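Participant: A structural model of the following input is requested.
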Amino acid sequence: MENHPQFRLSKSESLFVRGPLTRLKNLSFVFKVFYHFIRAFQKMHFIGPCVTIFGSARFGPETNHYKSAERIGAGISNLGFTIMTGGGPGIMEAANKGAYEAGGYSVGINIVLPQEQSPNPYLHKWIYIPFFFVRKVLLVKYSYAFVVMPGGMGTLDELFEALTLVQNKIIADFPIVIFDSEYHKELTGHIQKMVDSGSISPDDMKLLFITDSEAKAIEHIRNHTIKKFGLTKYKFKPRWWLGEKK
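Facilitator: Residues are numbered from 1 along each chain as shown. As a prediction, this is how the structure comes out:
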């Protein structure tokens, strides 16, 4: 496992988006990004087909949101998927816990932040990433479906990242499940408003599966992934000469 203090959040990402930098600083930043991508690709190469579950870090074990995420994590894990999350507490912990205790595989892509950054205890494998955009690529790269649980701004960012990639056919039409219609009613209402105003296509609304049923969420993912993407054939062998391990 990676040691947390080694990956303290630096100012490099913040500086990079403020405007022009010297050529040397730009080059240095590019090499740092390259390093974290290669490091992550090597570590996550053998985790198998994943389903990523997004949600707030702030819902504790006493909440219904946490309990639902735990059951959904377990159910999807029982389909044979690795459960991937942002690796933190709250909904992320619940989903990882469900998979972990169900005997499935559980991983986390942890962002280094001043708060809410510690990896939860239900991870078989995790990695620390200091850049948000690198982390988002990794959360999408290995996943064949996405579950959006109740969350905050980060969860919405992750939802629309995945949705935009599917909409524009950058990635395949992986299922995107929005769980808890009451919590998300203003959000889904606004998406419908975009359809009604013509700013998105009516077909774009079909990219989302909105449900309050844990069983239906799990069933939807089963029906729209395993046979469709041939996941039973998903196998890679580690190459010892590349320093790879399962």
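
Participant: so how far is the helix or strand harbouring G108 from its chain's centroid?
Facilitator: Per DSSP states H and E: G108 is located in strand 106-111. Distance of strand 106-111 from the chain centroid (Cα atoms, centre = their mean, to the nearest Å) equals 8 Å.

Participant: Just name whatever secondary elements it is in contact with.
Facilitator: The elements that strand 106-111 packs onto, with contact taken as 3 or more Cβ pairs under 8 Å, 6 or more residues apart in numbering; DSSP states H and E, are strand 82-85, helix 91-101, strand 125-129, helix 132-141. C-beta here means a position set from N, CA and C on the backbone, and glycine is covered the same way.

Participant: Out of these, which one sits most buried?
Facilitator: Highest mean neighbour count among the helices and strands packed on strand 106-111 (mean count of other Cβ atoms under 10 Å): strand 82-85, with a mean of 30.

Participant: Just the pLDDT for the most far-flung residue of the chain relative to its centre.
Facilitator: Centroid-distance maximum for the chain: T22 at 33.4 Å, with Cα atoms, centre = their mean. At T22, the pLDDT value in this model is 87.

Participant: Equivalent analysis for M1, please.
Facilitator: For M1, the predicted pLDDT is 40.

Participant: what does F160 give?
Facilitator: pLDDT, F160: 97.

Participant: measure it to D180 for me?
Facilitator: 17 Å (Cβ to Cβ, to the nearest Å).

Participant: out of the two, which sits in the more crowded spot?
Facilitator: D180 (17 against 14; other Cβ atoms under 10 Å).
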